[in-house]
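Undergrad: Fold the following.
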Amino acid sequence: MVQATSFVMSRKLLFLFCLLCLTIVTKGQDRSKDEITTESVINLKKECNVLLKSDLDSCLFLSQQFLEDALILGNKSLLDEAFDIRIRSLSLTMHWDSVIHVAELWNKFSLEHKLDSSTIESYLQLGEGYYGLGQNEKGIEYRLKALQLAKEKNISEELVEIYLLLGLEFFVINPEKGVRYSKKAIHLADSIGLKRPLSEAYTLLAYSYNQSGKNDSARIIADQNLKLSNERGYYNEICQMSTLIADIYRLEELHDSALVYYDICIETAAENDLRRILIASQAKKGYSLLSLKRPKEALNSCHKAFEMGGETNDFFAKTFCCKCLNKAYQQIGDYEKAYYYLDILHQEQEEKLNSNFQSTITQKEEEYYAKEEALKAENILNLEKARSETLEIRNKYVLIAGLIIATLVAIFIGFIINRNKLIRKQKALIDSEYEHLKEFTENASHEMQTPMAIMQSKLENLMKFQELSESQLKEVSSVYSASQRMSQMNQSLLLLFRIENGQFDLDKELNITESVERYLDWFSEIVANKNLRLEKSLIEDVKVKSHNLILDRIISNLLKNAVTHNISGGNINVELTHQKLVISNTGQKLETDPDKLFERFFKNKASSSGTGLGLAIVKRACDAHGWEISYNTIEHEHTITITF
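TA: As a prediction, this is how the structure comes out:
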């Protein structure tokens, strides 16, 4: 058991460490403080910030290690940042229960060490987590706690942010409260000179007045904010305010005035490539032109919005434009086109309804089959072994039949008849065994999910007991870690199973050059942090037939291996032609047969933290495409070549 004296931290921080260990997945071995330095933890922080933008799954894993190492190091500043990054990665992947759990730990830590800003942020994150779970009352409760603390400590900038969050929460369900919080945000932001939050607060106030039916007040505030935003170049606020004023005029049937503000919004949105705002404004402008009996101008405006809406697949824009175009063609007497756009409107509405229904069904099916196939993937090796042994038995009988044919023709004929009967029986046995094993796998896959979920839930509850000793906590944490690692391995095995069973459509023509460039960009900061030299030679617009997910996984796994298994100051070379992709890198000398690297669960070093499935997935994917993959190594130089 790790002794308290080996940590440079207070007893209260050590108590927090015990709680935090319950949520951290370890690599199956203890890590001492001597292995962790400030520099290594800072590098982890940099990698997490990169992965937040490119690979959320990897960031989820790495942010746990960052949080653990920062805690062992005892650096309060780094630990505070580790909590923040961990919660952001969980929020982006919508793991709301985990967001709440980690935010509670952060809240305890910041309260113990009197970190007021962090305490306020942890309250806000707790509120965000409960909002994510649909528990809005709990979410508001924690935001009000953050508001109270910010008032007590007179932390002005956080106070403005909280007023804005509360205003956004209330302006629809309780516009009067939205008005009140917006005014408080305006007063405070103005007094301390926060320009952008001031404009956002004016925007929120205008919408709150509009929501409460006070259109005159909303128009006055929106006009003031429009002038302010013009002076400071806040393009989003210019579009929002001009659209709000125009909408008010349009509802009051003052369409000439509405057109003036729609034109302001259209011009600003076009200059700054704000496409969705541009589409909506063009469509609404068409409606006002229709009300002024100017159908030709309305047709021009609505056609522009309809075309842009089709490019962006904007349901609102297409349906609203169809209504306007229908009315415009009616006004000019072209009823054939009027009916045409009415039909399109009905089609869009039906497609939207079917899409929503189908997406719900698909999501449920994917959840069910993902759980089912995870267990089936574990048992597929046993199934193949059973079928292989059965085929060996059949081959032995075929050999015996051949020897008998060479000696006795009569017996040969009789044996052939008996052999055919035996083969039919054996085939029936094979099919029966296969169906029984398939049925068992499907049933076991379904039935194991509930016990596994209960096990993880019980472990999480068990880890919350403060009465457990530190050694007991480590044992429970180890079991929890094993269950998490099994889940990750199941996902990889499931992908292997789907590839081997031809469940992906590999006939779509894709630009592999763009994919390689994108992943090189994502890994660029990690490459820089490890002081690696990257050289690339890529032919533009190389096209291959594949599937987006499979192609991305091939490139991601190969580049990740090249970076992860490299040496400090090493090299990475990437070459792409119309015939092949070659990735080479420096690294430790290979200690085994290169062909074994493509086998499942094989690792060059037992201490590796991976699952041993990365290159196996690449190999099976290449086989499915009909591509050739080869691995060559000379001393410390490793090269993988894929020939299309």
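Undergrad: Where does the prediction get shaky in the stretch 501-644 of the chain?
TA: Low-confidence segments of the stretch 501-644 of the chain (pLDDT under 70): 602-611.
Undergrad: Could you do the stretch 351-500 of the chain as well?
TA: The stretch 351-500 of the chain contains residues with pLDDT under 70 at 351-412, 414-415, 431, 433-454, 456-457, 460, 480, 483-494.
Undergrad: Next one, pLDDT for residue 150 please.
TA: Listed pLDDT for residue 150 reads 84.
Undergrad: do the same with the one 10 residues further on
TA: In the predicted model, residue 160 carries a pLDDT score of 83.
Undergrad: Next SSE downstream of the particular helix or strand that has it in it?
TA: Using DSSP states H and E, residue 160 sits within helix 156-173. Using DSSP H and E, the next helix or strand after helix 156-173 towards the C-terminus is helix 175-192.
Undergrad: for that following helix, packing partners?
TA: Helices and strands touching helix 175-192, by 3 or more C-beta pairs under 8 Å, 6 or more residues apart in numbering; DSSP states H and E, are helix 156-173, helix 195-211. Where you see a C-beta, it was placed from the backbone N, CA and C, and this is true even at glycine.
Undergrad: what is the orientation angle of the longest one with helix 175-192?
TA: It stands for helix 156-173. Relative orientation of helix 156-173 and helix 175-192, computed by axes from the mean of the first three to the mean of the last three C-alpha atoms, to 10 degrees: 160 degrees.
Undergrad: List the buried residues for helix 156-173?
TA: 158-171 (16 or more other C-beta atoms under 10 Å).
Undergrad: Run through who's touching that helix.
TA: Around helix 156-173, the neighbours that count as contacts under C-beta atoms under 8 Å, 6 or more residues apart in numbering are 117, 120-121, 124, 136, 139-140, 143-144, 146-147, 150-151, 177-179, 181-182, 184-185, 188-189, 191-192, 194, 197, 200-201, 204-205, 207-208, 211.
Undergrad: got it, and stretch 632-643?
TA: 554, 558, 565, 567, 579-590, 594, 622, 627-631.
Undergrad: Then stretch 74-86?
TA: With C-beta under 8 Å, 6+ apart as the criterion, stretch 74-86 contacts 7-9, 13, 38, 41-42, 45, 48-49, 52, 63-64, 66-67, 70-71, 73, 102, 105-106, 109-110, 113, 115, 118, 121-122.
Undergrad: Return the subset of the residues you listed lying in helices.
TA: 13, 38, 41-42, 45, 48-49, 52, 63-64, 66-67, 70-71, 73, 102, 105-106, 109-110, 118, 121-122 (DSSP state H).
Undergrad: thinking again about what came up before, and of the helices and strands packed on helix 175-192, who's closest to residue 347?
TA: The closest approach between residue 347 and any of the helices and strands packed on helix 175-192, judged by C-beta to C-beta, belongs to helix 156-173 at 31.0 Å.
Undergrad: Run the angle between the closest one and helix 195-211 for me.
TA: Orientation of helix 156-173 against helix 195-211 (the same axes, to 10 degrees) gives an angle of 20 degrees.
Undergrad: so who does residue 226 touch?
TA: Residues near residue 226 by C-beta under 8 Å, 6+ apart: 237-238, 241-242, 245, 264.
Undergrad: Tabulate those (TSV), appending neighbour count.
TA: Output for the contacts of residue 226, formatted as TSV (neighbours: other C-beta atoms under 10 Å):
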residue	neighbour count
237	23
238	26
241	31
242	27
245	28
264	20
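Undergrad: how about a markdown table for these, with distance to residue 221 added?
TA: Below are those laid out as a markdown table (distance: C-beta to C-beta, whole Å):
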| residue | distance to residue 221 |
| --- | --- |
| 237 | 12 |
| 238 | 14 |
| 241 | 9 |
| 242 | 13 |
| 245 | 10 |
| 264 | 17 |
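Undergrad: closest to residue 532 among these?
TA: Taking the contacts of residue 226 together and measuring to residue 532 by C-beta to C-beta, the closest member is residue 237, at 43.5 Å.
Undergrad: Please name the nearest non-neighbouring residue to the closest one.
TA: Using C-beta to C-beta, 6 or more residues apart in numbering and skipping the chain neighbours, the partner closest in space to residue 237 is residue 229 (3.9 Å).
Undergrad: Heading C-terminal from the helix or strand encompassing the one you found, find the next helix or strand.
TA: Using DSSP H and E, residue 229 maps to helix 215-232. On the C-terminal side of helix 215-232, the nearest following helix or strand under DSSP H and E is helix 235-251.
Undergrad: May I have that following helix exported as CSV, CA atoms only?
TA: Output in CSV follows, covering the C-alpha atoms of helix 235-251 (Å, rounded to 0.1, in the frame of the first residue of the first chain):
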residue,chain,number,x,y,z
TYR,A,235,-21.2,40.1,-36.8
ASN,A,236,-23.3,37.5,-35.0
GLU,A,237,-25.0,40.2,-32.9
ILE,A,238,-25.6,42.4,-35.9
CYS,A,239,-27.4,39.6,-37.7
GLN,A,240,-29.3,38.6,-34.6
MET,A,241,-30.5,42.1,-33.8
SER,A,242,-31.4,43.1,-37.3
THR,A,243,-33.3,39.9,-37.7
LEU,A,244,-35.2,40.4,-34.4
ILE,A,245,-36.2,43.9,-35.4
ALA,A,246,-37.3,42.8,-38.9
ASP,A,247,-39.3,39.9,-37.4
ILE,A,248,-41.1,42.4,-35.1
TYR,A,249,-41.9,44.7,-38.0
ARG,A,250,-43.1,41.7,-40.1
LEU,A,251,-45.4,40.5,-37.4
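Undergrad: what comes up buried for that helix?
TA: 235-250.
Undergrad: what about residue 509, how many residues close to it?
TA: For residue 509, the number of neighbouring residues by other C-beta atoms under 10 Å comes to 8.
Undergrad: pretty sure it belongs to a strand, no?
TA: Yes. If the criterion is DSSP: H, G, I helix; E, B strand; the rest coil, then residue 509 is within a strand.
Undergrad: Residue 547 versus that one, what's the distance?
TA: 11 Å (C-beta to C-beta, to the nearest Å).
Undergrad: ditto for residue 289
TA: Taking C-beta to C-beta, one finds residue 289 at 46 Å from residue 547.
Undergrad: Between those two, which has more neighbouring residues?
TA: Shown here are residue 289 and residue 547; by other C-beta under 10 Å, residue 289 has more neighbours (24 against 19).
Undergrad: if I pick that one, what's in contact with it?
TA: Residue 289 makes contacts with 255, 259, 295, 297-298, 301, as judged by C-beta under 8 Å, 6+ apart.
Undergrad: Please flag which of those sit within helices.
TA: 255, 259, 295, 297-298, 301.
Undergrad: The helices and strands packed on helix 175-192: lowest mean pLDDT?
TA: Per-segment mean pLDDT for those reaches its minimum on helix 156-173, at a mean of 79.
Undergrad: Could I have the CA atoms of that one written out in CSV?
TA: Extracted C-alpha coordinates of helix 156-173, given in CSV (Å, rounded to 0.1, in the frame of the first residue of the first chain):
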residue,chain,number,x,y,z
SER,A,156,-17.2,40.0,-11.4
GLU,A,157,-16.3,38.2,-14.6
GLU,A,158,-17.7,34.9,-13.4
LEU,A,159,-20.8,36.7,-12.1
VAL,A,160,-21.5,38.1,-15.6
GLU,A,161,-21.2,34.6,-17.1
ILE,A,162,-23.6,33.2,-14.5
TYR,A,163,-26.1,36.0,-15.1
LEU,A,164,-26.0,35.2,-18.8
LEU,A,165,-26.4,31.5,-18.2
LEU,A,166,-29.4,32.0,-15.9
GLY,A,167,-30.9,34.5,-18.4
LEU,A,168,-30.6,32.0,-21.2
GLU,A,169,-32.3,29.3,-19.0
PHE,A,170,-35.2,31.5,-18.1
PHE,A,171,-35.9,33.7,-21.1
VAL,A,172,-38.2,31.1,-22.7
ILE,A,173,-39.8,29.5,-19.6
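Undergrad: Spatially, which two of the contacts of residue 289 are the most separated?
TA: The most widely separated members of those are 259 and 295, with 14.5 Å between them, by C-beta to C-beta.
Undergrad: Is it correct that residue 629 falls within a helix?
TA: No. Counting by three-state DSSP, residue 629 is not part of a helix but strand.
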